[in-house]
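*Asks:* Fold the following for me, if possible:
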Amino acid sequence: MLTWATAQKEHEGFPLMLRRPTNIDVDLFRPSHPTLAVVTHEFTKRWPNGLPEPDYNETLFEMDIELVEAFDAGQQGVPVLVETFGGKRHYYFYVTADTDVPATISAVAQRHPSERLSWTVRPDPQWGFLERYVKDHF
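*Replies:* Alright, predicted model coming up:
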């Protein structure tokens, strides 16, 4: 079970909310999970500062759990960061090279048709994104 650290900062004059698991064995997963997958959820109800409206945010809990656990089957991927900023929530994962990110996230999107989800995938075998992000923000 993952344990999470949280941080709240200001970035470009707006709130930046962060969550990251603290008990991921990077040395164990890095060789087998060389791909960075970023899933973006664009809020449909947000305040001018970019944060989701509180009542709306509560309706997102189930989808949030589904997204964080999306790649758990067969250890296809590990969540490494959740970032809320500028009207969006970004979920960062490292996944195996053969993980079908579009199929996995499309399945979550179908269960939550009123929410807008998108994704990108790129190689990052050294997990450089995560190392830089943690250094800059945690």
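
*Asks:* residues in contact with the residue sitting nearest the centre point of the chain?
*Replies:* The geometric centre of the chain, computed from its C-alpha atoms, lies nearest to residue 91 (CA atoms, centre = their mean), at 1.1 Å. Counting by CB atoms under 8 Å, 6 or more residues apart in numbering, residue 91 touches 38, 39, 40, 41, 67, 68, 79, 81, 82. In this view, the C-beta of every residue, glycine as well, is placed from N, C-alpha and C.

*Asks:* Any of the residues you listed buried? List them.
*Replies:* Taking 16 or more other CB atoms under 10 Å as the criterion, what is buried in the contacts of residue 91 is 38, 39, 41, 67, 68, 79, 81, 82.

*Asks:* What strand or helix carries the third one?
*Replies:* I take that to be residue 41. strand 35-42 (DSSP states H and E).

*Asks:* Who are the packing partners of that strand?
*Replies:* Other helices and strands packing on strand 35-42, by 3 or more CB pairs under 8 Å, 6 or more residues apart in numbering; DSSP states H and E, are helix 61-68, strand 88-95, helix 101-111, strand 116-123.

*Asks:* change it to 6 Å
*Replies:* strand 88-95, strand 116-123 (3 or more CB pairs under 6 Å, 6 or more residues apart in numbering; DSSP states H and E).

*Asks:* circling back to that earlier point, would you mind giving the contacts of residue 91 as CSV with distance to residue 22 and pLDDT added?
*Replies:* Converted to CSV, the contacts of residue 91 look like this (distance: CB to CB, whole Å; pLDDT from 0 to 100):
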residue, distance to residue 22, pLDDT
38, 20, 98
39, 21, 98
40, 23, 98
41, 23, 98
67, 19, 98
68, 14, 97
79, 12, 97
81, 12, 97
82, 13, 98
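
*Asks:* So residue 86 is in contact with residue 48, correct?
*Replies:* No: counting by CB atoms under 6 Å, residue 86 does not reach residue 48; the two are 11.1 Å apart.

*Asks:* one step back: what bridges to the residue nearest to the centre of the chain?
*Replies:* Beta bridges link residue 91 to residue 39, residue 82, judged by DSSP bridges.
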